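1. okay, predicted coordinates and the sequence, questions at the end:
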Amino acid sequence: MAQRALTIPRPVAEALSGVQGEFFALLFGKGNEVVYFVTVPRARVGGRTIASPRELVKALEEGLWKGFELLGVYHAHPGAAIPSPKDALAMKAWSVMWVLRGSDGKLRGYKGWREVRVEVQ
């Protein structure tokens, strides 16, 4: 695993874990610590679940206008916290840290195809 971890403060992690079902959120902060997040509603396109493009842009603007850096994408989906082929395509397009939450609640971080640490503190 990579040396650099993404740190998610416990209150942020608990708020994200309270959102049920499959969803996306953008993670914002400074350095490698998440301090703010914006959930992004889902959309169904051609039988696929994606982040709503319009809402994704709004979420990105919101975090950046508050002066934060985009640190990553949080994606909760059924099953294990392992990227699906569709997740992999999105990871390639958005080259930030991805935090996946499986249905068991466990978090796994990825940068590209490399697994990176995610710390909840």
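-> Yep, that arrived.

2. got a pLDDT number for the most far-flung residue of the chain relative to its centre?
-> No residue in the chain sits farther from the centre than residue 46, which is 22.4 Å out by Cα atoms, centre = their mean. As predicted, residue 46 sits at a pLDDT of 84.

3. can you check residue 100 too?
-> Looking at residue 100, its pLDDT is 93.

4. shift numbering so it begins at 98
-> Right, with 98 as the first residue, what we last looked at is residue 197.

5. so what are the sheet partners of the helix or strand where it lies and their directions?
-> Per DSSP states H and E, residue 197 falls inside strand 194-198. With DSSP bridges as the test, strand 194-198 is paired with strand 166-173 (parallel), strand 204-208 (antiparallel).

6. in that strand, what counts as buried?
-> 194, 195, 196, 197, 198 (16 or more other Cβ atoms under 10 Å). (Each C-beta comes from the backbone N, C-alpha and C, glycine too.)

7. go ahead and confirm residue 150 touches residue 140.
-> Yes - the pair residue 150 and residue 140 passes the contact test of Cβ atoms under 8 Å, sitting 7.3 Å apart.

8. of these two, which one has the most company?
-> Legend: neighbour count by other Cβ atoms under 10 Å for residue 150 and residue 140, higher for residue 140 (14 against 11).

9. now do the contacts for the more buried one.
-> With contact taken as Cβ atoms under 8 Å, 6 or more residues apart in numbering, residue 140 is in contact with 146, 147, 148, 149, 150.

10. got it, and residue 134?
-> The contact partners of residue 134, taken as Cβ under 8 Å, 6+ apart, are 109, 112, 113, 122, 123, 124, 125, 171.

11. residue contacts, residue 196?
-> 103, 105, 124, 169, 170, 171, 172, 204, 205, 206, 207, 215.

12. what about 7 Å?
-> Shown in contact with residue 196 (Cβ atoms under 7 Å, 6 or more residues apart in numbering): 103, 124, 169, 171, 204, 206, 215.
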